[in-house]
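**Q** Provide a 3D model corresponding to the input given below.
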Amino acid sequence: MTTTESGRRRLGTAARTPAQKRVLDAALDLIAQHGVSGTSLQMIADAMGVTKAAVYHQFKTKDEIVVGVTEMELANLEDALIAAKAESDPARARKVLLTQVIDMAVARRPWVRTLQNDPIIIRLLGEHEPFRDFISELFGVLQGDEDNTTARVSAALFSGAIGGAIINPLLDDIDDATLRTALMQFTTRMMNLPE
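**A** Numbering: from 1, shown residues only. From the prediction side, this is the model:
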């Protein structure tokens with residue numbers, strides 16, 4: 001398990017056996033497609049070609065699987081957060097992080113839909129301390145040096161703008177490169193960052 005400079009446990013570094021990784025990989029696609037409530041342990045077992053008992057042997061509860069899958073996905077932003085925090089200029093740090101968040105969100109559209117809308121995942125994001133700490137650190141960089149209401153609102157708008165665009169069915173027919181470019185333009189302007 002690896003920790004960050006701030007002492008927070010880095011997401012995606014929890015020790016997992018190969019069998020646990022297979023469960024998480026199978027669950028990821030199913031949850032992205034059907035949501036947490038629409039994904040059963042039997043579906044995960046069937047996707048893996050094993051028994052439900054074999055899944056239970058790796059994870060005691062479905063929530064543990066959901067936490068593992070969510071952590072696995074959010075871990076994709078850890079390197080971006082580290083790179084952003086290494087920047088000495090707060091505006092440049094925000095731009096580095098913004099670029100990576102948009103790239104990941106566009107590349108992982110089905111998962112972002114689930115992450116933004118699934119009530120179980122939303123509850124777990126609020127309850128699971130490593131997620132809360134990660135999101136707090138991420139928003140800290142997006143807020144820049146300022147820790148005021150305007151900066152917090154700006155960071156929240158940024159998150160909502162990207163998440164809302166990614167999950168909006170009006171944009172489903174837009175290719176990834178075009179959507180990525182448009183999101184960068186709008187969010188860069190919204191956050192008053194250099195072009």
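**Q** Can you tell me the closest non-neighbouring residue to Pro90?
**A** Using CB to CB, 6 or more residues apart in numbering and skipping residues adjacent in sequence, the residue nearest Pro90 is Gly144, 4.2 Å away. The C-beta positions use only the backbone N, C-alpha and C, and glycine is treated the same way.
**Q** The one you found contacts Asp89, doesn't it?
**A** No: in this structure Gly144 lies outside contact range of Asp89 using CB atoms under 8 Å: 9.8 Å.
**Q** Low-confidence bits of this protein, can you list those?
**A** Applying pLDDT under 70 to the chain flags residues 1, 145-148, 151-152, 154-155.
**Q** For it, just list every one of the helices.
**A** Here the chain has its helices, by DSSP state H, at 18-34, 41-48, 52-58, 62-74, 78-86, 90-107, 109-117, 119-127, 129-143, 149-167, 176-190.
**Q** residues in contact with the residue nearest in space to the middle of the chain?
**A** The centre of the chain sits closest to Leu74, judged by CA atoms, centre = their mean, with a distance of 3.6 Å. Going by CB atoms under 8 Å, 6 or more residues apart in numbering, Leu74 touches Leu11, Gly12, Phe131, Phe134.
**Q** Let's have these in JSON lines, adding neighbour count and distance to Pro169.
**A** Converted to JSON lines, the contacts of Leu74 look like this (neighbours: other CB atoms under 10 Å; distance: CB to CB, whole Å):
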{"residue": "Leu11", "neighbour count": "22", "distance to Pro169": "29"}
{"residue": "Gly12", "neighbour count": "17", "distance to Pro169": "30"}
{"residue": "Phe131", "neighbour count": "18", "distance to Pro169": "27"}
{"residue": "Phe134", "neighbour count": "23", "distance to Pro169": "29"}
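**Q** any chance of those residues in TSV, with distance to Thr70 too?
**A** Below are those laid out as TSV (distance: CB to CB, whole Å):
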residue	distance to Thr70
Leu11	9
Gly12	11
Phe131	7
Phe134	10
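**Q** tell me which of these is nearest to Asp63?
**A** Phe131 (12.7 Å; CB to CB).
**Q** The nearest residue to that closest one once chain neighbours are set aside and Gly140: what is the separation?
**A** Of all residues beyond its chain neighbours, the one nearest Phe131 is Leu125 (4.8 Å), with distances taken as CB to CB, 6+ apart. According to CB to CB, to the nearest Å, Leu125 and Gly140 sit 17 Å apart.
**Q** Asp103 now?
**A** Asp103 is 20 Å from Gly140, by CB to CB.
**Q** And for Ser88?
**A** From Ser88 to Gly140 the distance is 16 Å (CB to CB).
**Q** Which one's more surrounded, those two?
**A** Taking neighbours as other CB atoms under 10 Å, Ser88 and Gly140 compare with Gly140 leading, 18 against 6.
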